[in-house]
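# got a sequence here, can you build the structure:
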Amino acid sequence: MSSPKKTRSRKGAFTIVELMTVLSIIIILISLVVPGLNRVRRYSRRVKQKNQFHGIDVAIEMFNSQFEEYPPSDGVDSSGTPLHYCGAMKLCEALMGQDLLGFNPRSQFNATLEDGGGNSLYELSTQNQRVETYFDIENANAYRLNEIYGTGNCVDFAEGLYVLCDVYTNVRGKGAASGDKIGMPILYYKADTAGTVHDANNPDNAANIYDYRDNQELVDLPKPWGDGQDHTMSTTSNSDHDIFLKMITNDKFGSAIKRPYKAKSYILLSAGYDGDYGTSDDIFNFEK
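Predicted coordinates:
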């Protein structure tokens, strides 16, 4: 016959079945809570990205107020030849200057920093040609192309050019000397107010209000992480070039009339959480 002490000890212990049951409950609870936390985290980052867009909107309106036009974004010349200086770079120059010290009103928005006669338009000594930056450098999240894509990976681009990056730091810049995590470049598209159509079936239509080519050369660079896959919006992945125009289509008017959002101004685009241009989590400076 067992002693009273030993009997009490056995009754106070957990069995294997009881332990497994408790562990199973904990695992189920974790599986229910973690997705919710991830959704909250993504939502908070989305709100932060919208706030960054608001700051850029204010800066662009200040530029527009002074020069009575929005910054250019064209990425090709009249013949369709790429300029190697896309909308994303022109946005940064307009708000902060190519050196982040201030915008030069004489700038021709070209990567060579020269006018047609070979004269420099953007020397540091030309202080009288500068205005103050429209966007605080502390909030700009500005990085050079080679800090994002790595040295030698920016085909045809001047790697020292700056772009404004989004708040999603899931991408680690391969060439970043600081080792900081860096978001993807914010794409900028200026509306052609003389445009009369929004033709996603023919994105090369000269009458289109927005031109996908304004940033296409940048979008065609491989993703700067992992195995360097192409973006969904790249010409390699999307031979019809219609993804961007479809994403910015305002369905308010139904199928009869196709119009883009912000047809009279400009569009900002963040690649969103996945860092891939052309997917459903892309963020714009408008609400659909």
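# the helix or strand harbouring residue 20 packs against which elements?
Using DSSP states H and E, residue 20 falls within helix 16-67. Packing contacts for helix 16-67, counted by 3 or more Cβ pairs under 8 Å, 6 or more residues apart in numbering; DSSP states H and E, involve helix 87-96, strand 266-270, strand 283-284. The C-beta positions use only the backbone N, C-alpha and C, and glycine is treated the same way.
# how far away is residue 52 from residue 45?
10 Å (Cβ to Cβ, to the nearest Å).
# sorry, that was for residue 22
35 Å.
# ok, back up a step: between residue 52 and residue 45, which one's more packed in?
Looking at residue 52 and residue 45 with other Cβ atoms under 10 Å, you find the greater number of neighbours at residue 52, namely 23 against 18.
# I'd say the more buried one and residue 166 touch.
Yes - assessed by Cβ atoms under 8 Å, residue 52 is found in contact with residue 166 at 7.0 Å.
# which neighbours do those two share?
Both residue 52 and residue 166 are in contact with residue 141, where contact means Cβ atoms under 8 Å, 6 or more residues apart in numbering.
# next, count neighbours for the closest residue in space to residue 156 that isn't next to it in sequence.
Nearest residue to residue 156, sequence neighbours excluded (Cβ to Cβ, 6 or more residues apart in numbering): residue 84, at 4.8 Å. When counting by other Cβ under 10 Å, one arrives at 18 neighbours for residue 84.
# list the contacts for residue 164?
Counted by Cβ under 8 Å, 6+ apart, residue 164 has contacts 56, 88, 91, 92, 95, 135, 140, 141, 142, 185, 186.
# do a quick rundown of the helices in the stretch 151-288 of the chain.
216-219, 243-247 (DSSP state H, counting those that start in this stretch).
# quickly compare those and say which is most buried.
Most buried of these by mean neighbour count (mean count of other Cβ atoms under 10 Å) is helix 216-219; its value is a mean of 24.
# show the average pLDDT along it.
Across helix 216-219, pLDDT averages out at 94.
# with stretch 274-288 instead?
92.
# shaky segments in this structure?
Along the chain, segments meeting pLDDT under 70 span 1-12, 33-39, 113-127, 170-180, 226, 237-240, 254-255.
# rerun at 80
1-14, 17-19, 29-42, 112-129, 170-181, 225-227, 236-241, 252-257 (pLDDT under 80).
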